[in-house]
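Chemist: Sequence first, then the predicted structure, then my questions.
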Amino acid sequence: MTVKLIRNAYEAGLTMTAVLLSWGAALALERAAGLHTDVLVLAVALSLTLASSQRTADTRRRLTALVLLPVTAGASIFLARLIASHYPIGAAVYTAAMALAIWIRRYGPAATKAGTLIALPLVALLVVPGPALPPEAQSGLVTWGWSALIGAMACAAVWLVQGPADHFGPWRPDPAPATPSRRSRLHPRPSTRMALQMAAGIAAAFALGHLLFDDHWPWVVLTAYVAASGNRGRTDVLRKGLERLAGACLGTLLAAGVAAAGVTGHTAVALMFTTLAIALWLRPLNYAYWAAGMTCALSLLLGYFGQDAASLLPTRLEGIAVGAVLAVASAWWLLPVPKRREPGATRPAWT
């Protein structure tokens with residue numbers, strides 16, 4: 001266990017180094033170009049999620065990410081505007097894009113990696129979307145061009161940190177187990193089943209999220225996505241949903257303590273990064289640690305933007321609970337995936 005914790009700390013250190021490098025570059029860009037603070041949020045979200053999926057990636061994969069991620073990051077801004085102005089249409093497009101990112105796994109490992117890159121900006125969009133920000137923070141949100149540039153900067157930051165670590169570091173992540181080359185005998189295929197389950201869960205999350213939680217619908221959608229992603233069977237989805245809910249409860253208690261202490265400003269930012277680092281370190285032990293850290297970090301972030309984050313914590317827990325229930329329901333009753341892993345059932349490393 002000691003060796004595992006040390007190794008986890010090393011991997012978390014690499015990820016946070018890339019995150020801080022991306023954040024520093026975005027901060028310099030924000031000041032030079034007069035941009036809004038949300039470029040920093042986007043830079044952190046993209047580099048944080050990209051770091052896991054690109055670990056030990058070869059040059060071809062990194063170049064693919066350098067091309068595909070900025071394009072999808074820019075497109076996600078248009079999608080965010082669409083959701084804000086025409087919610088049903090934007091929700092439908094978002095749902096279709098997430099389902100497509102899973103469905104294309106049927107075409108092999110390269111398509112699976114491309115699907116992961118497509119999904120990254122869409123997940124980042126849910127972290128702190130424009131509608132959930134205070135009114136004074138919604139003006140001047142990042143445009144698609146700046147968003148694409150932030151995507152390229154996140155790729156570069158991750159590459160600059162992980163490239164040397166892959167060659168000279170003490171540890172490299174264990175390679176993913178090879179999936180059988182034979183065609184699955186399931187009909188529809190596992191990738192099709194998971195895509196349909198994801199579409200059903202996210203569509204229901206968009207509908208109930210907006211109905212029950214108004215502008216805070218992203219908490220429902222994000223949980224529905226996280227719990228259903230990389231579906232290894234009905235029990236797996238149920239476990240992830242419960243772990244996310246348990247972690248969110250713990251994170252709520254932590255956030256309440258931070259709010260009571262009156263932490264604000266630059267101190268809140270430093271504490272947010274510290275919380276993320278600890279959550280990354282403990283994440284391989286149990287997903288609940290990551291959920292707790294993210295809940296606390298997002299509370300600090302919203303507090304930095306001026307929201308009364310403490311008052312929103314109960315609402316966030318309710319949204320997470322609803323999203324988990326929707327993910328479990330779609331996994332259990334809509335074309336369930338057998339427990340044994342089938343080709344195309346790869347779980348994205350960053351969910």
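Modeler: Received it, and whenever you're ready, just let me know what you need. Numbers count the residues shown, from 1 in each chain.

Chemist: buried ones in the longest helix along the chain?
Modeler: Ranked by residue count under DSSP state H, the longest helix found in the chain is helix 2-33. By 16 or more other Cβ atoms under 10 Å, the buried positions in helix 2-33 come out as 8, 11-12, 14-23, 25-26, 29-30. C-beta coordinates here come from the backbone N, C-alpha and C atoms, glycine included.

Chemist: where do the helices sit along the stretch 101-250 of the chain?
Modeler: 109-127, 144-168, 190-213, 218-228, 234-261 (DSSP state H, counting those that start in this stretch).

Chemist: hey, which of the ones you listed is tucked in deepest?
Modeler: helix 218-228 (a mean of 28; mean count of other Cβ atoms under 10 Å).

Chemist: next one: that helix to chain centre, how far?
Modeler: 10 Å (Cα atoms, centre = their mean, to the nearest Å).

Chemist: Would you mind giving the orientation angle of that helix with respect to helix 190-213?
Modeler: Angle, helix 218-228 to helix 190-213, by axes from the mean of the first three to the mean of the last three Cα atoms, to 10 degrees: 160 degrees.

Chemist: I'd like the mean pLDDT over helix 218-228, please.
Modeler: Helix 218-228 carries an average pLDDT of 87.

Chemist: who does it touch, helix- and strand-wise?
Modeler: Helices and strands touching helix 218-228, by 3 or more Cβ pairs under 8 Å, 6 or more residues apart in numbering; DSSP states H and E, are helix 109-127, helix 190-213, helix 234-261, helix 309-333.

Chemist: Distance to A277 and mean pLDDT added to these, as a markdown table?
Modeler: Shown next, in a markdown table, are the helices and strands packed on helix 218-228 (distance: least, Cβ to Cβ, whole Å; pLDDT from 0 to 100):
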| stretch | distance to A277 | mean pLDDT |
| --- | --- | --- |
| helix 109-127 | 17 | 85 |
| helix 190-213 | 29 | 92 |
| helix 234-261 | 14 | 82 |
| helix 309-333 | 20 | 85 |
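
Chemist: With distance to R61 added, can I get those in JSON lines?
Modeler: Below are the helices and strands packed on helix 218-228 laid out as JSON lines (distance: least, Cβ to Cβ, whole Å):
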{"stretch": "helix 109-127", "distance to R61": "6"}
{"stretch": "helix 190-213", "distance to R61": "20"}
{"stretch": "helix 234-261", "distance to R61": "26"}
{"stretch": "helix 309-333", "distance to R61": "29"}
